[in-house]
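Participant: Here is a sequence together with a model predicted from it:
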Amino acid sequence: MLLTLRVHGSRLRLSLSRQQQLRLASSVAESKKVTTAGVGQLEINGGTYATDSWTNVTPKILSYLGLNKHLQRDHPLSIIRQRIVNYFYGAYRNQRGNPLFSVYEQLNPVVTVQQNFDNLLIPPDHVSRQKSDCYYINQQHLLRAHTTAHQVELISGGLDNFLVVGEVYRRDEIDSTHFPVFHQADAVRLLTKDKLFERNPGLELFEETWSGAIADPKLILPSSKCMDQTKQPCHTLEAVKLMEHEMKHVLVGLTKELFGPRIKYRWVDTYFPFTQPSWELEIYFKDNWLEVLGCGIMRHEILQKAGVHQSIGYAFGVGLERLAMILFDIPDIRLFWSNDSGFLAQFSEQDLQNLPKFKPISHYPQCTNDLSFWLPPDVEVDAGFSPNDFYDLVRSVAGDVVEQISLVDKFKHPKTGKSSVCFRIVYRHMERTLTQAEVNEMHKQIGDASVESFNVQIR
């Protein structure tokens with residue numbers, strides 16, 4: 001997919017070529033104006049969006065839209081996706097033998113703030129809403145931070161068993177396990193009283209003392225008040241325990257399908273804004289406990305928002321990259337975006353049960369450079385300057401050549417009061433050896449762009 005970014009009447013066409021990434025480096029100052037301008041428009045997936053003070057999505061991030069790595073034939077993410085879908089097709093069938101779960105794999109990643117946060121009862125002051133954590137198109141639209149954002153719209157459409165698979169976008173640190181774009185599978189299953197208590201028709205979904213009234217948004221408890229691992233006030237204990245049993249049975253079955261019947265696992269109590277009670281499933285792998293998915297009983301207020309009042313549901317979400325890195329022994333998350341035939345040729349969908357271990361193409365050397373600069377007066381880290389803003393700038397300049405960035409030093413001058421930071425940037429190309437000259441040029445461009453974008457002074 002080719003995206004068009006129109007700003008102030010001009011056009012910048014985005015693609016994935018290395019040449020254009022380098023051209024973008026020389027004009028990164030202009031790209032920062034694009035993402036922070038109060039006037040302008042973005043055209044994304046056929047929609048036109050006015051930019052404002054919340055706009056922080058970059059051309060580099062927009063270039064990932066439409067790549068659909070989870071649908072690319074013989075790609076490890078596609079293989080994991082198919083394994084999950086096939087498991088649910090087999091686990092849930094109707095009386096005619098057809099799969100109960102419908103699957104949605106190409107939903108538009110541009111969502112509203114209401115879809116991404118409000119519909120899921122995420123409090124207005126929750127940290128996940130901050131500009132430093134999300135890619136905002138404008139104050140009312142963003143690139144989805146999770147596939148859970150589609151729950152209410154799908155349930156409102158009459159669906160009660162479905163899977164959503166797609167890419168999600170989050171501003172995060174840069175290392176071998178974090179990338180601003182990754183993939184999730186999210187599932188919902190709803191049951192009415194008749195279906196849940198088919199063998200015990202005398203039992204009820206809801207407590208007799210519960211009025212059944214639609215929840216007043218002003219009175220909905222924030223997630224911090226939903227730590228009770230027993231149940232929600234509206235549900236009966238019998239309904240919650242039966243749903244919990246089914247959910248855990250199915251998800252343990254999925255885990256054994258992926259990791260083998262002898263995998264050691266455990267359930268850990270947790271909480272999410274949109275489920276109560278909530279759990280994480282961990283597996284014991286290479287002498288460590290690793291989280292593989294999160295799940296829980298859906299908060300009834302979410303179902304009410306979708307117009308469903310007489311059902312109870314469970315939901316779960318899982319990261320495809322996390323599973324694939326474990327199952328294929330892939331050491332660096334950037335590899336999932338590689339088009340190198342030496343990487344892609346190692347995987348095949350002909351036998352979904354045969355998951356080969358990744359064999360490194362080559363160990364290209366790292367190049368490490370430090371970048372230190374003084375912040376403007378009265379500006380400090382997380383108080384006027386966000387490291388995530390710097391990480392995005394670096395990605396815009398150097399692309400996926402940057403393997404890792406770490407904030408290695410912070411210093412406040414005792415006399416001037418000015419703050420200084422030092423970032424260590426590790427460069428390594430996934431497909432060839434970088435020359436020091438290439439790295440030095442990129443590093444200089446990052447420094448120049450930092451001065452232009454953040455008004456800093458290079459040390």
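Facilitator: Yep, that arrived. Since the structure is predicted, the reported quantities are computational estimates derived from the model, not experimental observations.

Participant: From Lys131, how far out is the residue nearest to Ile302 when sequence neighbours are not counted?
Facilitator: Counting by Cβ to Cβ, 6 or more residues apart in numbering, Ile302 lies nearest to Phe274, which is 6.0 Å off, once chain neighbours are set aside. Where C-beta positions appear, they are placed from N, C-alpha and C, glycine not excepted. For Phe274, the distance to Lys131 (Cβ to Cβ, to the nearest Å) stands at 22 Å.

Participant: Among those two, which residue is more densely surrounded?
Facilitator: Between Phe274 and Lys131, counted using other Cβ atoms under 10 Å, Phe274 has the larger neighbour count: 22 against 17.

Participant: if I pick that one, what's in contact with it?
Facilitator: With contact taken as Cβ atoms under 8 Å, 6 or more residues apart in numbering, Phe274 is in contact with Leu120, Leu121, Ile122, Thr148, Gln151, Gly296, Met298, Arg299, Ile302, Ala315.

Participant: do that again at 10 Å, thanks
Facilitator: For Phe274, the residues meeting the contact criterion (Cβ atoms under 10 Å, 6 or more residues apart in numbering) are 119-122, 146, 148, 151, 223, 226, 296, 298-299, 301-302, 315, 317.

Participant: now swap in Asp392 and tell me
Facilitator: Contacts for Asp392 (Cβ under 10 Å, 6+ apart) come out as 31-32, 35, 56-58, 60-61, 132, 135, 171, 174, 180, 386, 453.

Participant: Most neighbours among these, which one?
Facilitator: Going through these with other Cβ under 10 Å as the criterion, the one with the most neighbours is Val57, at 28 neighbours.

Participant: Now it. Nearest residue, chain neighbours left out?
Facilitator: Distances taken as Cβ to Cβ, 6+ apart place Tyr135 nearest to Val57, at 4.4 Å, with adjacent residues excluded.

Participant: OK, contacts around the one you found?
Facilitator: If a contact means Cβ under 10 Å, 6+ apart, then Tyr135 has 35, 55-58, 61-62, 109, 142-145, 168-171, 180-181, 392 as its contacts.

Participant: where along the stretch 101-250 of the chain do the helices fall?
Facilitator: Assignment of helices within the stretch 101-250 of the chain using DSSP state H, counting those that start in this stretch yields the ranges 113-116, 151-156, 193-196, 237-259.

Participant: Just put these in CSV and tack on mean pLDDT, distance to Asn339 and mean neighbour count.
Facilitator: Below are the helices of the stretch 101-250 of the chain laid out as CSV (pLDDT from 0 to 100; distance: least, Cβ to Cβ, whole Å; neighbours: other Cβ atoms under 10 Å):
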stretch, mean pLDDT, distance to Asn339, mean neighbour count
helix 113-116, 98, 30, 19
helix 151-156, 98, 32, 20
helix 193-196, 96, 46, 14
helix 237-259, 97, 26, 17
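
Participant: among these, which is nearest Glu43?
Facilitator: In this view, these are compared for proximity to Glu43 by Cβ to Cβ, and helix 113-116 is the closest at 19.9 Å.

Participant: Show me what that closest one is packed against.
Facilitator: Using 3 or more Cβ pairs under 10 Å, 6 or more residues apart in numbering; DSSP states H and E as the contact criterion, the secondary-structure elements in contact with helix 113-116 are strand 141-143, helix 151-156.

Participant: just the CA coordinates of it, formatted as PDB?
Facilitator: Output for helix 113-116, consisting of C-alpha atoms alone and laid out as PDB, is shown next (Å, rounded to 0.1, in the frame of the first residue of the first chain):
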ATOM      1  CA  VAL A 113     -10.000   7.700  21.200                       C
ATOM      2  CA  GLN A 114     -13.400   6.400  22.200                       C
ATOM      3  CA  GLN A 115     -12.700   3.000  20.600                       C
ATOM      4  CA  ASN A 116      -9.200   2.700  22.000                       C
END
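
Participant: low-scoring pLDDT stretches of the stretch 301-450 of the chain, where are they?
Facilitator: Low-confidence segments of the stretch 301-450 of the chain, defined by pLDDT under 70: 361-362.

Participant: Check what pLDDT the most centrally placed residue in the chain gets.
Facilitator: Nearest to the centroid of the C-alpha atoms of the chain, with distances taken as Cα atoms, centre = their mean, sits Val168, at 3.9 Å. At Val168, the pLDDT value in this model is 98.

Participant: I'd say it and His183 touch.
Facilitator: Yes. Using Cβ atoms under 10 Å, Val168 is in contact with His183, at 7.1 Å.

Participant: what do those two both touch?
Facilitator: Taking Cβ under 10 Å, 6+ apart as the contact criterion, the residues that touch both Val168 and His183 are Thr147, Gly319.

Participant: for stretch 157-176, how far is the first residue from the last?
Facilitator: Across its full length, stretch 157-176 reaches 39 Å between end residues, using Cα to Cα, to the nearest Å.

Participant: you'd agree Val57 is up against Tyr169?
Facilitator: Yes. With contact defined as Cβ under 10 Å, Val57 reaches Tyr169; the gap is 8.2 Å.

Participant: Can you work out which residues contact both of the two?
Facilitator: Common neighbours of Val57 and Tyr169, counting by Cβ under 10 Å, 6+ apart, are Leu65, Cys134, Tyr135, Leu142, Leu143.

Participant: Between the residues you listed, which sits nearest Tyr89?
Facilitator: Checking these against Tyr89 with Cβ to Cβ, the nearest one is Leu65 at 28.1 Å.

Participant: which SS state does that closest one fall under?
Facilitator: Leu65 carries the three-state label coil when classified by DSSP: H, G, I helix; E, B strand; the rest coil.

Participant: Could you check how far it is from Tyr169?
Facilitator: The spacing between Leu65 and Tyr169, counted by Cβ to Cβ, is 9 Å.

Participant: list residues touching both of those two?
Facilitator: When contacts are counted by Cβ under 10 Å, 6+ apart, Leu65 and Tyr169 are jointly contacted by Val57, Pro109, Leu143, Val181.

Participant: In TSV: those, plus distance to His249 and pLDDT.
Facilitator: TSV is the format used below for these (distance: Cβ to Cβ, whole Å; pLDDT from 0 to 100):
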residue	distance to His249	pLDDT
Val57	41	95
Pro109	32	97
Leu143	34	98
Val181	33	96
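
Participant: Distance to Arg432 for the residues you listed - can I get that in a markdown table?
Facilitator: Listed next are the shared contacts of Leu65 and Tyr169 as a markdown table, based on distance: Cβ to Cβ, whole Å:
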| residue | distance to Arg432 |
| --- | --- |
| Val57 | 29 |
| Pro109 | 31 |
| Leu143 | 30 |
| Val181 | 23 |
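
Participant: Right, I'll leave it there.
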